[in-house]
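**Student:** Sequence first, predicted coordinates after that:
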Amino acid sequence: MRVAIVINTSWNIWNFRRSLVKALQAAGHEVLAIAPPDAYSARLEAELGCRYVPILMENKGTNPVKDAQLTGRFYKIYQRERPDVVLHYTIKPNIYGTIAARLAGIPSINNVSGLGTVFIVKNFVSKIALGLYRFAFRFPKRIFFQNADDRQLFVEHGLVNPAITDLLPGSGIDTDKFRPAAEFTRHTPFTFLMIARVLYEKGVEEYFEAARLVREAVPGTRVQLLGGIDESGGVGVKRVVVEQWLRAGHVEYLGTSDSVAEHIAQADCVVLPSYREGTPKTLLEAAAMGKPIVTTDVPGCRETVVHGQNGLLCEVRNAQDLADKMLQVLRLSDSGLQQMGQAGRQLAEQKFDERIVLEKYLRVVEAVKPARNPVSKSA
């Protein structure tokens, strides 16, 4: 079968769906990677063996004319490439790609990896998004959610038929690749690491404030931030603001990296004070590498932590509580810190191993019978 993977960036496919691409190929399927061009597009072909198909997509913004044009671009590509099934990820492919696949008579499988700002911020745009989801989500053969809260929210709003939904443990984690160090090490100074794009909804503002509080309590503590600055769409923190925060000297900004595991290995605790997630890959990586976690008690994040065992949960949008929980981890004995990390590794192996995700995808792809007769737009 020809399977198309459709996401809002080539970077996303490379970083989060690489194992799925390999699993599909190993099962004998041809994989098309459909995404806007970026620095990772060529790697999808050269290193993963996909056939890369570019598409113009404005990831932020809700202009109805542009979105209608996006549906048309998806439709033309699906008509030209004729995949047997399309796997959609992220908001715009999930909505407009699904509508285009329906018009082209091609079955689709969707993945809701997070709700984005349309569900966090209640406004006119979010109402439009709800209506679009309600229309588009009538058509997929299967819709995967990454946590039970997100699935329940869609069901309660009447956006999806529960019968076509299923749960996945995020995008899973390669527990062979992400492993604890052979020997436990507590770093001096103690090091916290947050891995996320620099967006307000990731809790980055609270992280900077918590860093100040932690370093006032325990001077010399290292507090690091790894992730790209994204000023688009009004949800990212402006670079000038980030630079102002950094001048306070409490957070060390690491930029971006293709070697996330190396940064996790050099940290003692991984922190993510996000407002809401699907299931954050970075926390799964941290757990698999035996690192304690501090994250918010919100959908998506809370699934990665058994409070008091492999990490601690804090209140959302509360820098003081975040700092308190970070200090609680910092003040653990070496044996307590090691035990917390070992509990995270065990959780990663039992609940989040990527083989669970890959097996579900392979089963549902095999079960889809290609529909080769395009339907009319009135269908």
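**Tutor:** Received, thanks. Since the structure is predicted, the reported quantities are computational estimates derived from the model, not experimental observations.
**Student:** Point out where the stretch 151-300 of the chain drops to low pLDDT.
**Tutor:** Of all residues in the stretch 151-300 of the chain, those with pLDDT under 70 make up the ranges 232-234.
**Student:** where along it do the strands fall?
**Tutor:** Here the stretch 151-300 of the chain has its strands, by DSSP state E, counting those that start in this stretch, at 165-167, 191-195, 222-226, 252-253, 269-272, 293-296.
**Student:** which other helices and strands contact the second one?
**Tutor:** Here strand 191-195 touches helix 204-217, strand 222-226, helix 260-265, strand 269-272, going by 3 or more C-beta pairs under 8 Å, 6 or more residues apart in numbering; DSSP states H and E. From N, CA and C alone the C-beta is placed, and that goes for glycine too.
**Student:** before we move on, what about the last one?
**Tutor:** Counting by 3+ C-beta pairs under 8 Å, 6+ apart, the packing neighbours recorded for strand 293-296 are strand 269-272, helix 281-288, strand 311-314, helix 319-330.
**Student:** For K351, which of these is the nearest?
**Tutor:** K351 lies closest to helix 281-288 among the helices and strands packed on strand 293-296, at 9.2 Å (C-beta to C-beta).
**Student:** just how off-centre is the closest one within its chain?
**Tutor:** Put simply, helix 281-288 sits 11 Å off its chain's centre (C-alpha atoms, centre = their mean, to the nearest Å).
**Student:** Which secondary structure elements does it sit against?
**Tutor:** Using 3+ C-beta pairs under 8 Å, 6+ apart: helix 281-288 touches helix 260-265, strand 269-272, strand 293-296, helix 334-351.
**Student:** how does this protein divide into domains?
**Tutor:** The chain resolves into domains spanning 2-172+355-367, 191-352 when parsed by automatic domain parsing.
**Student:** In JSON lines, list those domains along with distance to A181 and mean neighbour count.
**Tutor:** JSON lines is the format used below for the domains of the chain (distance: least, C-beta to C-beta, whole Å; neighbours: other C-beta atoms under 10 Å):
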{"stretch": "domain 2-172+355-367", "distance to A181": "22", "mean neighbour count": "19"}
{"stretch": "domain 191-352", "distance to A181": "6", "mean neighbour count": "20"}
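**Student:** what ranges do the strands span in the stretch 1-150 of the chain?
**Tutor:** Per DSSP E, counting those that start in this stretch, the stretch 1-150 of the chain carries strands over the ranges 2-6, 30-35, 51-54, 85-89, 108-112, 142-145.
**Student:** Settle this for me: D230 is touching E201, isn't it.
**Tutor:** No. With contact defined as C-beta atoms under 8 Å, D230 does not count as touching E201 (10.9 Å).
**Student:** one step back: kindly reformat the helices and strands packed on helix 281-288 as TSV containing distance to I164.
**Tutor:** Listed next are the helices and strands packed on helix 281-288 as TSV, based on distance: least, C-beta to C-beta, whole Å:
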stretch	distance to I164
helix 260-265	33
strand 269-272	30
strand 293-296	30
helix 334-351	24
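**Student:** and R215, which of these is closest to it?
**Tutor:** R215 lies closest to strand 269-272 among the helices and strands packed on helix 281-288, at 13.7 Å (C-beta to C-beta).
**Student:** Parallel or antiparallel, which strands does the closest one pair with?
**Tutor:** Strand 269-272 pairs in its sheet with strand 191-195 (parallel), strand 293-296 (parallel), by DSSP bridges.
**Student:** which one of the ones you listed lies closest to A267?
**Tutor:** Here strand 191-195 is closest among the strands paired with strand 269-272 (C-beta to C-beta), at 3.7 Å.
**Student:** and the closest one, how far from the chain's centre?
**Tutor:** Mean C-alpha position of strand 191-195 versus that of the full chain (C-alpha atoms, centre = their mean) differs by 17 Å.
**Student:** Provide the contact partners of it at residue level.
**Tutor:** By C-beta atoms under 8 Å, 6 or more residues apart in numbering, the list of residues contacting strand 191-195 from outside reads 202, 204, 207, 211, 214, 221-227, 260, 263-264, 266-273, 282, 294, 326, 330.
**Student:** Reformat the strands paired with strand 269-272 into TSV and put distance to T165 next to each item.
**Tutor:** Below are the strands paired with strand 269-272 laid out as TSV (distance: least, C-beta to C-beta, whole Å):
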stretch	distance to T165
strand 191-195	29
strand 293-296	25
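**Student:** is it true that G170 touches D150?
**Tutor:** No. Taking contacts as C-beta under 8 Å, G170 lies outside contact range of D150: 11.4 Å.
**Student:** D166 is nearest to which of the helices and strands packed on helix 281-288?
**Tutor:** Among those, the nearest to D166 by C-beta to C-beta is helix 334-351 (15.6 Å).
**Student:** Which elements pack onto the closest one?
**Tutor:** helix 281-288.
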